[in-house]
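>>> Provided below are the primary sequence and the corresponding predicted coordinates.
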2 protein chains.
Amino acid sequence: MGDRHKVVVVGAGFGGLSAAKALHRADVDVTLINGTTHHLFQPLLYQVATGILSEGEIAVPVREILKKQDNAEVLIGHVADVDVDGRTVTATAPNGTEYQVGYDTLIVAAGASQSYFGNDHFAQYAPGMKTVDDALELRGRIFGAFEMAELETDPEAVQRWLTFVVVGGGPTGVEMAGQIAELAHRTLPGQFRRIDPRQARVILVDAVDAVLPTFGGKLSEKAKHQLEKIGVEVQLGTKVVGVDGTGITVETAQGRQRIESVTKIWAAGVAAPAISRRVAEAAGAEVDRAGRVMVNPDCTVPGHPEIFVVGDMMSLDRLPGVAQVAIQTGTYAGRTVAARVAGKPALAPFAYRDKGSMATISRFSAIASTGGMKFSGFTAWMMWLVVHLMYLVGFKNRVSAVGHWFVSFLGRGRSERVTTAQQVMAREAIQQVTAAGELVKAGRPE
Amino acid sequence: MGDRHKVVVVGAGFGGLSAAKALHRADVDVTLINGTTHHLFQPLLYQVATGILSEGEIAVPVREILKKQDNAEVLIGHVADVDVDGRTVTATAPNGTEYQVGYDTLIVAAGASQSYFGNDHFAQYAPGMKTVDDALELRGRIFGAFEMAELETDPEAVQRWLTFVVVGGGPTGVEMAGQIAELAHRTLPGQFRRIDPRQARVILVDAVDAVLPTFGGKLSEKAKHQLEKIGVEVQLGTKVVGVDGTGITVETAQGRQRIESVTKIWAAGVAAPAISRRVAEAAGAEVDRAGRVMVNPDCTVPGHPEIFVVGDMMSLDRLPGVAQVAIQTGTYAGRTVAARVAGKPALAPFAYRDKGSMATISRFSAIASTGGMKFSGFTAWMMWLVVHLMYLVGFKNRVSAVGHWFVSFLGRGRSERVTTAQQVMAREAIQQVTAAGELVKAGRPE
């Protein structure tokens, strides 16, 4: 074993996992290093945040996925640095201890992190939607807001609790806004006595002038229309210039405006993680404006054929940061390494096969674009359902996920609404508005 | 509405929820105050801690359960005090603000909290098993321990990570120990490359000389035998005298002994919550040694017919702190109030109907005792499965729960193994042993 070709894969997202799997039959030892124990199916994260699915249904232990791949091991750790000359990565274990792992080939797939465009202080008031923690945090804030509204007696404070602002009109923002609206209009009505959840305002803001712009004008319009039909206020050409505990300040052509809202969700920008620049520096590579590593057509770093960068962290042919790109580049990197080790000729340069994209707006309503064909409404939603069901099958959670989908799509319920006291930030967010939202006696008015 | 008889129920556990439901048709206004948004099906908490079920499958929003009960409202808050003369309870909202709710009748069902027998400093090293937070915390520690063991190279440290001590031989302790053993022997083998999960030691300690003593000698013996069969070390007549980050100190007839173990679970004692003594003081009632309020045969506080105490918080006829007692006393209190308001004659004093009890040891293996008849093994397990399935049906989560049970009982998997970074304590617990368990380079030995 010791002298086999050693491949270190950083990250167990779509890119890293695909790379590791592509080395299934290769005569190599694979060490996959990931910060968490799970591979996260990010496209469904919004359903965890809105109480439809449990975190376990979209986050599967990496070592369970790679159980049968004998040449692969999984280590938990955050990769903080790379020594290109010494061919070693340094990772930090959950207990803060550093450890090193040597490599012959390095495949970096650390994904992307949330970007607040230089306003990182927005984060505490408007969490992103990248991790399970984010989703559970938002679950606590969203459901908690309705609970706090029920305790309030000051009408202004009630409305502040019942106003939800989603920043960012991409798939994640659209899906979050749609699900919060469904929550307010389908799940929660009848469960409160002092407030009417239907009075909740769900506002989707984006600086550009269209939602889901990548889908093109026609589908964008349809999506906007579908969102408005289920009660989402879509404010386009609207730039967020301020976020605090009790509201958000936006800027439009008409000037600045403040929206009073406790619960804000940030689904706007992504940026390459810190490790991206570290790898670039160490390997003398360039990064693009988003901090992504610019790679050769074979996904290797210029001058370093032993270092691959794939997925969201990679800058190549202006490819978007989507799951398909990560899966395909990860697989490509893995196959390239396998070919090298087997002494076979190099693969042709990476070519992206666009399988299309889709986004759900609400129950029974989605838009999809594939192979030049465009779909919307129920047809697109069925396509979405089939595609995602097929993914979940691989996650061994189909039965329970389908069960929860029955509850949410056919019924009105949400099976996964638990929030825990461990969600410290949620409590902090609530405390930040105590001054603003004064709670008075909750006794019935006589 | 304003002048209807007002009933305040404190706590949405089995007792409080049953009381509120029993008032379904009564001409009263019910205000149910609970610290969390959910009613927790505590008997299955150990399955959340060991990755079988999601928290949402055993914790259902109280307001969803009472959705159709128009005369009931749900408020979130921790009830800190009671003004018996002013007939008002004071609760603390999630944001720390106090609010008051007036009552004509008060039904207190605040349950029981974990007791460390005066050693509260044990808590951080050996969490209890009372809340969803406890279960998720333990899930993080249990699965995290195997991850840390995989990173270790010092054999002693590895074994310390792979040693799990469960304190308390009651149903919760037995079920936890059994499930951790199954985790180590059925779920995790094959998923690690450096450690063998089967080398994990699961130790169940109790000061008394039998597990599940309430089931009687024969079933106790069977349970002990079944536990040992699946690899649990049962140490009886063993008193815990010390707990710290890296181990536990026990005292037996042979003297003191130290067990090196990172992950400890406390399933030993229960005590009445603080509000129990407050109610007793305010109402001039007595409490028993466990701090439970001593009540009249009709579950009211002596001298205060308008105050009921039910469930684990109640001291009556030496009744045990089990779900059935809480359900039956809660229902009794609700019916008594309904009868009073309707001007009907008072109900006969409360009489407990023992429906029997059961405890699972492992997959396909349990013990049950009902109506003098005793069952064990597969028969008892089937009884357990049927009873708990019927409960879950009411929770609207049957489909997903059954799905997860298929995964775990027929297969080997665990669908719910996610741990989040929000589990601060888990990280702290790990850090506490850094000194002890030095992590060295994780590179393969050449």
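Cool, the structure landed. Numbers count the residues shown, from 1 in each chain, chains lettered A, B, ... in the order given.

>>> what about residue A:114, neighbour count?
Per other C-beta atoms under 10 Å in any protein chain shown, the neighbour tally for residue A:114 reads 20. Where C-beta positions appear, they are placed from N, C-alpha and C, glycine not excepted.

>>> Ok, residue A:246 next?
18.

>>> I'd assumed residue A:160 was in contact with it.
Yes. Under the criterion of C-beta atoms under 8 Å, residue A:246 makes contact with residue A:160 at 6.2 Å.

>>> what ranges do the strands span in the stretch 201-350 of chain A?
A:201-205, A:232-235, A:239-244, A:247-252, A:255-260, A:263-266, A:269-271, A:293-294, A:300-301, A:304-309, A:314-315 (DSSP state E, counting those that start in this stretch).

>>> Mind listing the residues bridging to the closest residue to residue A:258 other than its chain neighbours?
Excluding the flanking residues, the one nearest residue A:258 by C-beta to C-beta, 6 or more residues apart in numbering or on different chains is residue A:249, at 5.1 Å. The partner list for residue A:249 in beta bridges (DSSP bridges) reads residue A:242, residue A:258.

>>> ok, residue A:249 to residue A:123 distance?
16 Å (C-beta to C-beta, to the nearest Å).

>>> what's the answer for residue A:336, then?
37 Å.

>>> repeat for residue A:245
In terms of C-beta to C-beta, residue A:245 sits 13 Å off from residue A:123.

>>> between residue A:336 and residue A:123, who's got more neighbours?
Comparing residue A:336 with residue A:123 by other C-beta under 10 Å, the one with more neighbours is residue A:336, at 23 against 14.

>>> what's residue A:36 sitting at in phi/psi?
The phi and psi values for residue A:36, taken as degrees, to the nearest 10, are phi -110, psi 170.

>>> Does it touch residue A:74 like I think?
No. Judged on C-beta under 8 Å, residue A:36 makes no contact with residue A:74 at a distance of 10.8 Å.

>>> what sits in contact with each of the two?
Both residue A:36 and residue A:74 are in contact with residue A:12, where contact means C-beta atoms under 8 Å, 6 or more residues apart in numbering or on different chains.

>>> the more surrounded of those two?
residue A:74 (27 against 21).

>>> nearest spatial neighbour of that one, skipping sequence neighbours?
Closest to residue A:74 by C-beta to C-beta, 6+ apart is residue A:63, at 4.4 Å.

>>> On the C-terminal side of the regular element (helix or strand) spanning the one you found, identify the next helix or strand.
Element membership for residue A:63 (DSSP states H and E) is helix A:62-65. Next helix or strand after helix A:62-65 toward the C-terminus (DSSP H and E): strand A:72-76.

>>> and residue A:84, what does it touch?
Neighbours of residue A:84 in contact, by C-beta under 8 Å, 6+ apart: A:282-283, A:304, A:307.

>>> what's the pLDDT at it?
pLDDT for residue A:84: 97.

>>> do the one 4 residues further on as well
According to the model's per-residue confidence, residue A:88 sits at a pLDDT of 98.

>>> Can you report how many residues neighbour the residue nearest to residue A:258?
14.

>>> And residue A:281, by the same measure?
Neighbour number of residue A:281 under other C-beta under 10 Å is 13.

>>> Can you show me the strands along the stretch 51-200 of chain A?
Using DSSP E, counting those that start in this stretch, strands in the stretch 51-200 of chain A cover A:59-61, A:72-76, A:78-83, A:88-92, A:98-102, A:105-108, A:113-115, A:163-167.

>>> Residue A:88 is in contact with residue A:106, isn't it?
No. Between residue A:88 and residue A:106 there is no contact under C-beta under 8 Å: 9.4 Å.

>>> Show me what residue A:357 is bridged to.
Counting by DSSP bridges, the residues bridging with residue A:357 are residue A:369.

>>> Give the burial count for it, as a bare number.
With other C-beta under 10 Å as criterion, residue A:357 counts 18.

>>> OK, contacts around it?
So residue A:357 contacts A:171, A:214-215, A:322, A:324, A:368-370 (C-beta under 8 Å, 6+ apart).

>>> Give me the pLDDT for it.
87.

>>> can you check residue A:254 too?
Per the predicted model, pLDDT is 92 at residue A:254.

>>> just residue A:401 next, same as before
63.

>>> circling back: which of residue A:88 and residue A:106 has more neighbours?
The neighbour count for residue A:88 versus residue A:106, taken as other C-beta under 10 Å, is higher for residue A:106 (27 against 17).

>>> mind listing the helices for the stretch 251-400 of chain A?
Here the stretch 251-400 of chain A has its helices, by DSSP state H, counting those that start in this stretch, at A:274-283, A:323-341, A:377-394, A:398-405.

>>> which residues touch the first one?
Residues outside helix A:274-283 that contact it (C-beta under 8 Å, 6+ apart): A:10, A:79-84, A:108, A:110, A:285-287, A:291-293, A:301-304, A:307, A:309, A:313.

>>> hang on, the earlier thing: please report how far the residue nearest to residue A:258 lies from residue A:162.
19 Å.

>>> try residue A:365
The value you get for residue A:365 to residue A:162, if C-beta to C-beta is used, is 23 Å.

>>> Give the ranges of residues in chain A that sit below the confidence cut-off.
A:1-2, A:392-446 (pLDDT under 70).
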